[in-house]
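Asker: fold the stuff below for me.
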Amino acid sequence: MGVEGELRERMEAIAARFPQRLSALIPILYLVQQQHGYVTKAGMELAAEILGTTPAYVDSVASFYTMLYRRPVGKYVLQVCRTLPCALMGADEVIAYVQEKLGIEPGETTPDQLFTLETVECLAACHVAPLMMVNEGYKVHLDRAKLDAIINECSRGTSPHSDDIY
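Answerer: So this is what the prediction gives:
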């Protein structure tokens, strides 16, 4: 069985766990992302076929959620919250410093494919702002020294631990 066959089988297994197959869409898209590093067009088309919906519907869902990437991203995705509470606590300075340090703009990936910088809406942790997510982990109360440490740790190939947000 080829890669697509295995993916199809895993998608079918996920869909079978839901009383309404379409409810499996986000877990299936996350599966595609885990396998390819992002949600591919072919993966969205396969998900649509398996779930009995249209590729356009799948694309509309994939484009809504910031945790689903619709293009290749770096090994470390840095998502900086840009909403008002975080902005008031210094998010703009965090974004500017990361841009300066990595030489990329939000939405871009470093040439070595190590970092992607994203600005996102609410990470639901205003009380520890400014903050960002590094892949799926929170990094909070950010300042230049903490950002330097995070970038250095990632550059060494070590995923930084997630900070406690509660």
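Asker: poorly predicted segments of the protein, please.
Answerer: Per-residue confidence for the chain (pLDDT under 70) gives these ranges: 1-3.
Asker: and the helices in it?
Answerer: In chain order, the chain shows helices spanning 3-16, 25-36, 41-51, 55-64, 84-88, 91-102, 144-155, with DSSP state H as the criterion.
Asker: what's the angle from the fourth one to helix 41-51?
Answerer: Calculated by axes from the mean of the first three to the mean of the last three Cα atoms, to 10 degrees, helix 55-64 forms an angle of 120 degrees with helix 41-51.
Asker: just the C-alpha atoms of helix 55-64, please, in CSV.
Answerer: C-alpha atoms of helix 55-64 as CSV (Å, rounded to 0.1, in the frame of the first residue of the first chain):
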residue,chain,number,x,y,z
PRO,A,55,-12.9,20.6,-1.9
ALA,A,56,-14.1,24.2,-1.7
TYR,A,57,-15.7,23.5,1.7
VAL,A,58,-12.6,21.7,3.0
ASP,A,59,-10.5,24.7,1.8
SER,A,60,-12.8,27.1,3.6
VAL,A,61,-12.3,25.2,6.8
ALA,A,62,-8.6,24.9,6.4
SER,A,63,-8.2,28.6,5.7
PHE,A,64,-10.1,29.5,8.9
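Asker: which residues sit against it?
Answerer: Contacts with helix 55-64, where a contact means Cβ atoms under 8 Å, 6 or more residues apart in numbering, come from L25, I26, L29, V39, M44, E45, A47, A48, L51, L68, R70. Glycine gets a C-beta too; all of them are placed from N, C-alpha and C.
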